[in-house]
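A.B. asks: sequence plus the predicted model coming up.
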Protein chains: 2
Amino acid sequence: MRAVLLAAGEGRRLRPLFDRPKPLVHLLGLALIERNILALRECGIKDFLVITGCYSDEVRDYLGSGEKYGVSINYLHNPSWKKGNGLSAYTFHKDYRQDEKFVLLMSDHIFELDLLKAFLTEAEDVKQDELLLAADSRLEKVYDLDECTKVKSRENYAVKLGKRLDDFNAVDCGLFIGTGSLLEALSCSIERGAYALTDAVNLMAGLGKVKLHFVEDGWVDVDDYQSYKQAERVLLKSLVPKKDGFISRIFNRRFSLRITRLLAATAVTPNQVTLLSFLTAAAAAVSFAMAKPFTGGVLAQLASILDGADGEISRLKFLKSRFGEMLDSILDRYGDYLIVIGMVYSWYRTSGNTMALLIGAGALAGMPMSMLFKEKFRNVYGKPFIPEVHDGILCYFPANRDGRLFIIMLGGILNLLPAALVLLAAVTHLQAFIRLYNVRKSSLT
Amino acid sequence: MRAVLLAAGEGRRLRPLFDRPKPLVHLLGLALIERNILALRECGIKDFLVITGCYSDEVRDYLGSGEKYGVSINYLHNPSWKKGNGLSAYTFHKDYRQDEKFVLLMSDHIFELDLLKAFLTEAEDVKQDELLLAADSRLEKVYDLDECTKVKSRENYAVKLGKRLDDFNAVDCGLFIGTGSLLEALSCSIERGAYALTDAVNLMAGLGKVKLHFVEDGWVDVDDYQSYKQAERVLLKSLVPKKDGFISRIFNRRFSLRITRLLAATAVTPNQVTLLSFLTAAAAAVSFAMAKPFTGGVLAQLASILDGADGEISRLKFLKSRFGEMLDSILDRYGDYLIVIGMVYSWYRTSGNTMALLIGAGALAGMPMSMLFKEKFRNVYGKPFIPEVHDGILCYFPANRDGRLFIIMLGGILNLLPAALVLLAAVTHLQAFIRLYNVRKSSLT
């Protein structure tokens, strides 16, 4: 399936704030249109058609052939873009291939990746005379309702659309699966002198041919500074994985998302953040060893926060790599090891207590057990181990990395290294054995 | 697809040696016919038909409904089994379902699992008027050639079969994919007074309808004591995984296969052997800590050997379980940890050298790295990490478990614990970093 991106408008309201055309305005490190292309690429779309108007040359120069994104981008120009976006959309008829279905979207909207994925899975069921439109019915949550195109729906079909509709129960998100019938409707409405895309969609809605796909949040029409900031918030929020550690969710993400926002605009790569997280852990280890537990604890927590930021940046800027995943896993283990060794060294040097060595060995050996179990489980059972599901009440057990580094932070700032090490040794091994027990139990039933 | 097992004969030559009917003779812990049923179950076959003759009641009593194997077993009896195995095979016509394809095999032959799997993948291509026969053309390697049914083949088809054939280039392995046409051929040859299965196959061969699937080794017709021992050898050899560690292949398997042979006849489960391996590692750790490095080294190597035997027994007796895999992985890590802690304790107590602690921490932290990397790799890349392929020359690096425990054994019996610990710390971490480097290199090309 091809994607058609409308990038013809002038974007007057955003213009004074940025020195570039609206589709090229940077948001968290990517131009608006670039983000849509990369997000659709993640959904498996490789072939793009960009319809330009006002800033044709700038858009072409910026995106090029698509080679740098690993996709193909072609362009069509609509010189009469001022008349309305229906004319721009209709420009696509020059390149339309018979019976083709396509995704059509506004290049200045942003969409969460999960929203796009869910929307595109419905493409197959769209009939040749229909149009599928993403609509948001949670009106109280829709941002800048005044500016939205309203939709009056009946069940899963649109009845009427318009900016000035009084009776409505959803809004148009600017995301469609179209077929040749949309181009026919556009041709009709243009002949009647109605040049907006909404006019053609309205025509089809009147025939009962506009099916709705309801979304919940996860999209913003970037129109002015307020919606620009709102888009930032929506995207940052979408970076938190659904299955996140307890400490990570309630504590780390508050900070890591801020770091991600700052770093997004720079050229810093996720792997560089991974390395920075490791170096921070190493600095924590040195601080512990130099009998500065407070600094050590704070640095350990910072390492934990940065350990979330690398993944956030990779998802935000579509920079996921398999090497990055490997590097992250391995360096995290080394970071853990160094911190525990620093803590044990500090305890043993000040106390001379041989128990420090034994407990230290226990804590050291416990650090990789959670990951070992999870990775092995996934390979043996062919499905991911999800602490929230498989661990039961144990998922609040601070034996995953966010929990372990939190224990270390507390041990550091409260100057209670022995207690922290005992706790680490206890929770990590206990978790491993309880997990084994749970696996055995569930394999017997 | 159903499987039809011929278990009607008397097995006169084997009878004096065992106190049970031939299909029920135990070989490495399973009755011959039981092993065929379990091996076919591994290939996805769940529906069995056993044709009995001489020892009808004994066979039924032993196998039952198949419930204990998780399959369904039905029986047909051939009272005239003495006349020939063609009559027994023909008994199946009573239960034959139109256009059905079926696997037909001699219940007293043994087949390697891989051989069966490869043979069954060809079932789909067998035409309705054809018969597929497994044949071994490596005549110099065929065991007890005199007793075999010989096959004269032209390309992939049999021309003529018989025990007393002079001109032949393969032998019949007693494994078929049949269709209704085999039953018709049996009916024909029985009418003519020829009661052997080979007579019917010969009839079809004359019409060019017996296709051959060539196998290389991996099967034995268990007929007498010599072939019984040969079957043991073939099965034990098949237990060594194709991708095995270097030390494991050249050293451990020599011993673990003997242990497996001994334990196969008992009710000892793979998980019990896993536990025994762990306890042996724990005993090695205690020996090291008690300054008995020689004993420690020997026990560590024994733990390594037992670590191979659990998998061998599970494959040999079809007892693989996902919990078993988890248990094995986790207990192996704990075994490693304990041994290293025992070694470090011994070194530090006798020397008081703090370097022992640092190097010990390094060795301890290094123990799980190989597994961590391999499991993560498999999850990230969706394919197993195979040291022989992905490690290049590094696959001879003793950083996998067999190699690590071999270093520990040498360190123990040569009383060189410090050297062994330095080596362990070095190879494990070096391996992790070289692997990361290799992954990065290959992801860039």
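C.D. replies: Looks like it came in fine. Residues are numbered from 1 along each chain as shown, chains lettered A, B, ... in the order given.
A.B. asks: now do the buried residues in whichever strand or helix holds A:V4.
C.D. replies: Here A:V4, judged by DSSP states H and E, is contained in strand A:2-7. Along strand A:2-7, these residues count as buried under the neighbour rule (16 or more other CB atoms under 10 Å in any protein chain shown): A:R2, A:A3, A:V4, A:L5, A:L6, A:A7. C-beta: built from backbone N, CA, C; applies to glycine.
A.B. asks: show me how far it is from its chain's centre.
C.D. replies: 21 Å (CA atoms, centre = their mean, to the nearest Å).
A.B. asks: mind listing what that strand pairs with, with the direction of each?
C.D. replies: Using DSSP bridges, the strands paired with strand A:2-7 are strand A:47-52 (parallel), strand A:102-106 (parallel).
A.B. asks: any chance of JSON lines for these, columns mean neighbour count and mean pLDDT?
C.D. replies: Output for the strands paired with strand A:2-7, formatted as JSON lines (neighbours: other CB atoms under 10 Å in any protein chain shown; pLDDT from 0 to 100):
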{"stretch": "strand A:47-52", "mean neighbour count": "22", "mean pLDDT": "96"}
{"stretch": "strand A:102-106", "mean neighbour count": "24", "mean pLDDT": "95"}
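A.B. asks: can you give me the helices in the stretch 201-350 of chain A?
C.D. replies: Taking DSSP state H, counting those that start in this stretch as the criterion, the stretch 201-350 of chain A contains helices spanning A:225-238, A:246-247, A:253-264, A:270-289, A:293-316, A:322-351.
A.B. asks: and the next helix or strand past the longest one?
C.D. replies: Secondary structure here is assigned by DSSP H and E; on that basis, the next helix or strand after helix A:322-351 toward the C-terminus is helix A:354-366.
A.B. asks: and the next element down the chain from that next one?
C.D. replies: helix A:369-381.
A.B. asks: extract the C-alpha set from the strand holding A:V4 and format it as CSV.
C.D. replies: Output of strand A:2-7 as CSV, limited to C-alpha atoms (Å, rounded to 0.1, in the frame of the first residue of the first chain):
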residue,chain,number,x,y,z
ARG,A,2,1.2,3.5,-0.8
ALA,A,3,0.9,6.5,1.4
VAL,A,4,-0.2,9.9,0.2
LEU,A,5,0.9,12.9,2.3
LEU,A,6,-0.7,16.3,1.9
ALA,A,7,2.0,18.9,2.4
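A.B. asks: packing partners for the helix or strand of chain A with the lowest mean pLDDT?
C.D. replies: The weakest-scoring helix or strand in chain A, judged by mean pLDDT, DSSP states H and E, is helix A:246-247 (a mean of 87). If you count contacts as 3 or more CB pairs under 8 Å, 6 or more residues apart in numbering or on different chains; DSSP states H and E, helix A:246-247 packs onto helix A:401-413.
A.B. asks: could you check the angle the helix it packs on makes with helix A:369-381?
C.D. replies: 170 degrees (axes from the mean of the first three to the mean of the last three CA atoms, to 10 degrees).
A.B. asks: residue of the stretch 51-200 of chain A with the smallest distance to chain B?
C.D. replies: A:G70 (14.5 Å; CB to the nearest CB).
A.B. asks: now that residue. Nearest residue, chain neighbours left out?
C.D. replies: Using CB to CB, 6 or more residues apart in numbering or on different chains and skipping residues adjacent in sequence, the residue nearest A:G70 is A:R41, 6.8 Å away.
A.B. asks: list the buried ones in the helix or strand that contains the one you found?
C.D. replies: For A:R41, the host element (DSSP H and E) is helix A:32-42. Residues A:L32, A:I33, A:E34, A:R35, A:N36, A:I37, A:L38, A:A39, A:L40, A:R41 are the ones in helix A:32-42 that count as buried (16+ other CB under 10 Å).
A.B. asks: what's the closest of the residues you listed to A:P79?
C.D. replies: A:I33 (19.6 Å; CB to CB).
A.B. asks: just the buried residues of strand A:2-7 now: which is nearest A:S351?
C.D. replies: Set against A:S351, the nearest of these by CB to CB is A:A3 (64.5 Å).
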